[in-house]
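Q: Sequence first, predicted coordinates after that:
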Amino acid sequence: MPDTRARVRRHVRDTPGVHFNRVSRDLDIATGQAQYHLRRLVRADEVAVERIAGRAHYFDPEFDPWERRALAFLRRETARAILVRLHADGPTRTTTLVEELDLARSTVSWHVSNLAESGIVEKSDDRPMRLSLARPEQTAALLDEVSASLPDRIVDRFVRTVDSLFE
């Protein structure tokens with residue numbers, strides 16, 4: 001058991017913001033086993049857990065709450081695409097993101113709302129509203145830490161497909 005727990009701890013530290021299911025998949029351990037070890041690691045303050053936009057993400061406790069939220073969103077393909085675009089182009093309108101990322105307006109709105117609520121993105125007061133990164137330098141530094149996993153990309157693409165059916 002301690003060997004498995006050490007593997008789980010190492011994986012969380014090597015993959016900040018990792019989603020619960022990915023821990024199980026990446027380490028090829030049963031879901032219950034991953035849950036047991038993650039729970040023990042959280043109780044021992046060796047790993048931190050945050051529920052962000054409906055998913056549990058795990059981190060090294062050294063990451064502050066803002067970094068945890070940013071990393072969690074950077075692990076999601078659509079949110080990451082929005083953040084990359086804001087980083088590259090600076091303040092941008094929502095309609096520009098819809099066009100350039102070829103996403104449904106509802107998808108972009110949902111992600112932007114979550115990003116703004118979490119303090120990752122800021123919305124301007126002027127009209128038309130413009131979006132910008134709340135902490136551009138910190139976001140740029142975290143971009144290098146994260147690459148979306150294939151299962152995360154598949155889930156995001158499924159959600160986009162469903163959204164397009166309702167538009």
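A: Alright, I've got the coordinates.

Q: Quick one: residues contacting the residue sitting nearest the centre point of the chain.
A: Among the residues of the chain, the one closest to the centroid is Phe73, at 2.0 Å (C-alpha atoms, centre = their mean). Taking C-beta atoms under 8 Å, 6 or more residues apart in numbering, we find Phe73 in contact with Ile52, Ala53, Ala79, Arg80, Leu83, Asn114, Leu115, Ser118, Ile120. Backbone N, C-alpha and C define where each C-beta goes, glycine included.

Q: hmm, try it at 10 Å
A: 17, 52-53, 57, 79-80, 82-83, 111, 114-115, 118, 120-121, 139, 142, 146 (C-beta atoms under 10 Å, 6 or more residues apart in numbering).

Q: Mind listing what's buried along the helix or strand encompassing it?
A: Using DSSP states H and E, Phe73 maps to helix 65-74. Residues of helix 65-74 classed as buried: Trp66, Glu67, Arg68, Arg69, Ala70, Leu71, Ala72, Phe73, Leu74 (neighbour count, 16 or more other C-beta atoms under 10 Å).

Q: element containing the nearest residue to His111 once chain neighbours are set aside?
A: With C-beta to C-beta, 6 or more residues apart in numbering as the criterion, His111 has its nearest non-adjacent residue at 5.0 Å, and that residue is Ala79. In this structure, Ala79 sits in helix 77-89 according to DSSP H and E.

Q: Check Ala116 too.
A: In this assignment (DSSP H and E), Ala116 forms part of helix 105-117.

Q: what's the angle between that helix and helix 77-89?
A: 70 degrees (axes from the mean of the first three to the mean of the last three C-alpha atoms, to 10 degrees).

Q: So which elements touch helix 105-117?
A: helix 65-74, helix 77-89, helix 94-101, strand 121-123, strand 130-133, helix 150-166 (3 or more C-beta pairs under 10 Å, 6 or more residues apart in numbering; DSSP states H and E).

Q: Let me see the residues that make contact with it.
A: 52-54, 69-70, 72-73, 76, 78-83, 86, 94-99, 101, 103-104, 120-123, 129, 131, 133-134, 156, 159-160, 162-164, 166-167.

Q: Of those residues, keep whichever come out buried.
A: By 16+ other C-beta under 10 Å, the contacts of helix 105-117 give 52-53, 69-70, 72-73, 76, 78-83, 86, 94, 96-98, 101, 103-104, 120-122, 131, 133-134, 156, 159-160, 163 as buried.

Q: Give me the below-cutoff pLDDT ranges for the chain.
A: The model of the chain has pLDDT under 70 over residues 1-2, 147-167.
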